[in-house]
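Undergrad: Just need the structure, nothing else, for what follows:
(one chain, ligands or ions: 1)
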Amino acid sequence: MHEVALAQSIVEIVRDQARANHADCVKAVFLRIGALANVEPEALSFGFESAARGTIAEGARLEIERTPGSAFCAGCGSDVQVESRVALCPSCGSGQLLITGGEELRVTELEVS
Ligand SMILES: [Zn+2]
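TA: Next up, the predicted model:
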């Protein structure tokens, strides 16, 4: 359950940004999670709810945007979309994929008041 630790660091980021913006209350937190980030959004939402308790982020809505995983195939030279790190190239079936995107986990925006 590394989502709990992740949720705690998200709450810290939110708290710092809210303070920097002189916000009284955080209504929503927008997150971008790559398909290859190895994060379970439901577990993260649950962890966030409990990590936010007693902080400025308490009760904030978590808006999660999933981004697809992308890779470059060294076998056929295509840029492809992948669902997992151990995927095979959908064009040529090669396993020589270099992950190029979809591993990020970022707080992209806060809705505050
Ligand atoms: Zn290929």
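Undergrad: ranges for the helices of the chain?
TA: Counting by DSSP state H, the chain has helices at residues 2-20, 41-52.
Undergrad: Would you mind finding the most buried of those?
TA: Among these, judged by mean count of other C-beta atoms under 10 Å, the one packed with the most neighbours on average is helix 41-52 (a mean of 18). In this view, the C-beta of every residue, glycine as well, is placed from N, C-alpha and C.
Undergrad: OK, contacts around the closest residue to D24 other than its chain neighbours?
TA: Spatial nearest neighbour of D24, excluding adjacent residues (C-beta to C-beta, 6 or more residues apart in numbering): S113 at 6.3 Å. Contacts of S113 were listed using C-beta atoms under 8 Å, 6 or more residues apart in numbering, and they are A23, D24, C25, K27.
Undergrad: ok, now L62?
TA: Under the criterion of C-beta under 8 Å, 6+ apart, the contact partners of L62 comprise A28, V29, L31, L44, S45, F48.
Undergrad: Those residues: which two are farthest apart?
TA: Between any two of the contacts of L62, the greatest separation by C-beta to C-beta is 14.7 Å, found for A28 and L44.
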